[in-house]
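> Got a predicted structure here, sequence first:
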Amino acid sequence: MTHAVPRITAVGTALPPHSYGQEELLGLFRVDDPRIRSLFLNSAIERRHLTLPPPGPDGTPRPETQGELLRKHLDEGLHLGCRATRTALAHAGAGPAQVRHLCCVSSTGFLTPGFSALLVKELGLPRTCSRLDVVGMGCNAGLNALAATTGWASTHPGDLAVLVCIEVCSAAYVFDGTLRTAVVNSLFGDGAAAVTLLTDRHDTGPSPAPGPPPAGPAVLRQAGRIIPEASTAMRYEWDDDQGKFSFYLDRDIPYVVGAHVEETVGALLDGTGLQRSDIAHWIVHSGGKKVIDSVRVNLGLTRHDLRHTLGVLRDHGNLSSGSFLFSYRRLLDEKVVAPGDHAVLMTMGPGSTVETALLRW
């Protein structure tokens, strides 16, 4: 019996209808502080898709209560998650009735029941579908969830699993004029991304089922590293002054992450016979300009290697847990992947954490 290897068979993405340029956002919120304007305009971000409130009496988007932000997370997140999942299923040539496992990721709000139960109802998935909600792990969580989903798929050959990352980052914004919140407000965007995974029955026994093996890359292995001494460098916490949850990013986090990516990738490739130079494709989380530059320098990569990561940052900002899947979608759209190619997926987030996965076509 050979080892059962799950494959990513399709991907789907979804964005809100409204997109805003960075200069446009500064004008919309009437931001004059040169320090904040510099954060927005030197972020390597051109546009972001956001779900903003209607204007108040002064013409600027009116402040939202924490209750309104949670409602936005629910309503917009469910809408985006359904669209991304339907697109992934369509690309996989599958329907909702075929889904046997659903894993949902989100860090931009809290729900009970979670998105997985809501998507089962909204999409008409089987009532026997197994579910998992990954909540509060942040931007790295897409790969943590991939580990859980591939684990399920490897023990259920022939059964379809879906992983969907749903992030309504505009439901986690605080507008108080401080540099702390301005860093977050200049960076994140809304979006959802989903992938389907399937383990081929051919790989699991001496009597293979008829039919071709599933298309898409095999998920060979994953490796992660947590940096406990930087556990407070990225956090989502209650702000008593604002009466809302607020996200905090330490200014040194790009360098903390960059200092640990080399050993994490080393652990991923250890024992495979592969060197970093053997990796044809690098799909890295669009965490921000400084984060991407730090990863690039520490791994000896080129801007071309990270073109999809940089492109997603430019066009959509940081989409939290689903960012790397938007970059993966762009790689597939290029149609440059060849059989035998290897790719490394990488995400970074609170913990502080670096997560990686190794794929092979």
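Sure thing, it's come through.
> Please tell me how far the residue nearest to the spatial centre of the chain sits from residue 338.
Against the mean C-alpha coordinate of the chain, by C-alpha atoms, centre = their mean, the closest residue is residue 322 at 1.8 Å. Distance, residue 322 to residue 338, using C-beta to C-beta, to the nearest Å: 26 Å. Where C-beta positions appear, they are placed from N, C-alpha and C, glycine not excepted.
> go on, residue 97?
Distance from residue 97 to residue 338, by C-beta to C-beta: 34 Å.
> just checking, residue 86 touches residue 12?
Yes. If you go by C-beta atoms under 8 Å, residue 86 and residue 12 touch, sitting 7.0 Å apart.
> Could you count how many residues lie near residue 307?
When counting by other C-beta atoms under 10 Å, one arrives at 15 neighbours for residue 307.
> Show the pLDDT at it.
At residue 307, the predicted lDDT confidence score is 98.
> I'd like the domain boundaries of this structure, if you could list them.
The record's domain split for the chain, according to automatic domain parsing, is 6-203, 218-360.
> returning to that earlier point: so for residue 97 and residue 338, which sits in the more crowded spot?
Shown here are residue 97 and residue 338; by other C-beta under 10 Å, residue 97 has more neighbours (12 against 7).
> Leaving out the residues flanking it, which one is nearest to that one?
Among residues not flanking residue 97 along the chain, residue 126 sits closest, at 6.3 Å (C-beta to C-beta, 6 or more residues apart in numbering).
> Point me to the helix or strand that includes that neighbour.
Counting by DSSP states H and E, there is no helix or strand that carries residue 126.
> residues touching it, list them.
Counting by C-beta atoms under 8 Å, 6 or more residues apart in numbering, residue 126 makes contact with 96, 97, 99, 100, 120.
> I'd like the distance between it and residue 30.
50 Å.
> same thing with residue 83?
From residue 83 across to residue 30, the span is 32 Å (C-beta to C-beta).
> Looking at the two, which one has more neighbours?
Each of residue 83 and residue 30 has its neighbours counted (other C-beta under 10 Å); residue 83 has more, 16 against 9.
> what about this protein, any weak spots by pLDDT?
1-3, 202-214 (pLDDT under 70).
> The same query, at a cut-off of 90, please.
The model of the chain has pLDDT under 90 over residues 1-4, 54-63, 110, 172-184, 200-215, 230-256, 258.
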